[in-house]
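Student: Build the 3D model from these lines:
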Amino acid sequence: MNTTPRTRVRERAEEQASAMNEDQQVVIRMVANDLHRLNQSVMKAVEAGVSVELVRSARHHSGEGNWGDLLIPVIVTQSRNAA
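Tutor: Numbers count the residues shown, from 1 in each chain. Presented below is the predicted three-dimensional model:
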């Protein structure tokens, strides 16, 4: 039986956003929503028979001390017709 894991992405973002200004809260909510959708897509891919690993490909720097990790997927498929 498959159960959907509870990642709490949105809840965690909301908890951490309390110390941010309004513009920062808006973009963090966008990141949280996109991350939630990404997690759903990863789970669908796994259920379809592929393994997905997200790997940092680069780090974006603002020049003012802020940074963010940029990710790429590494996909592994298993041959269903292995001899």
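
Student: buried ones in stretch 20-29?
Tutor: residue 25 (16 or more other Cβ atoms under 10 Å). Every C-beta, even on glycine, is put in place using the N, C-alpha and C of the backbone.

Student: State the mean pLDDT of it.
Tutor: Per-region confidence: stretch 20-29 scores 92 on mean pLDDT.

Student: got it, and stretch 67-83?
Tutor: 83.

Student: what packs against the lengthiest helix in the chain?
Tutor: For the chain, the longest helix by residue count, based on DSSP state H, is helix 22-47. Here helix 22-47 touches helix 9-17, strand 50-61, going by 3 or more Cβ pairs under 8 Å, 6 or more residues apart in numbering; DSSP states H and E.

Student: give me every residue that touches the residue nearest in space to the middle of the chain.
Tutor: A centroid search over the chain (Cα atoms, centre = their mean) returns residue 35, at 3.9 Å, as the residue closest to the centre. By Cβ atoms under 8 Å, 6 or more residues apart in numbering, the residues touching residue 35 are residue 9.

Student: For it, give its distance to residue 53.
Tutor: Counting by Cβ to Cβ, to the nearest Å, the separation of residue 35 from residue 53 is 16 Å.

Student: likewise residue 12?
Tutor: 21 Å.

Student: What about the nearest residue to residue 46 once chain neighbours are set aside, how many residues nearby?
Tutor: For residue 46, ignoring the flanking residues on the chain, the nearest one in space by Cβ to Cβ, 6 or more residues apart in numbering is residue 52 at 6.4 Å. Residues near residue 52, counting by other Cβ atoms under 10 Å, number 15.

Student: who's in contact with residue 52?
Tutor: 42, 45, 46, 73, 74, 75, 76.

Student: burial count for the last one?
Tutor: When you say that, I think you mean residue 76. 8.

Student: Looks to me like it is in a strand.
Tutor: Yes: according to DSSP: H, G, I helix; E, B strand; the rest coil, residue 76 belongs to a strand.

Student: thinking it is in contact with residue 46, fair?
Tutor: No: using Cβ atoms under 8 Å, residue 76 is not in contact with residue 46, being 10.6 Å away.
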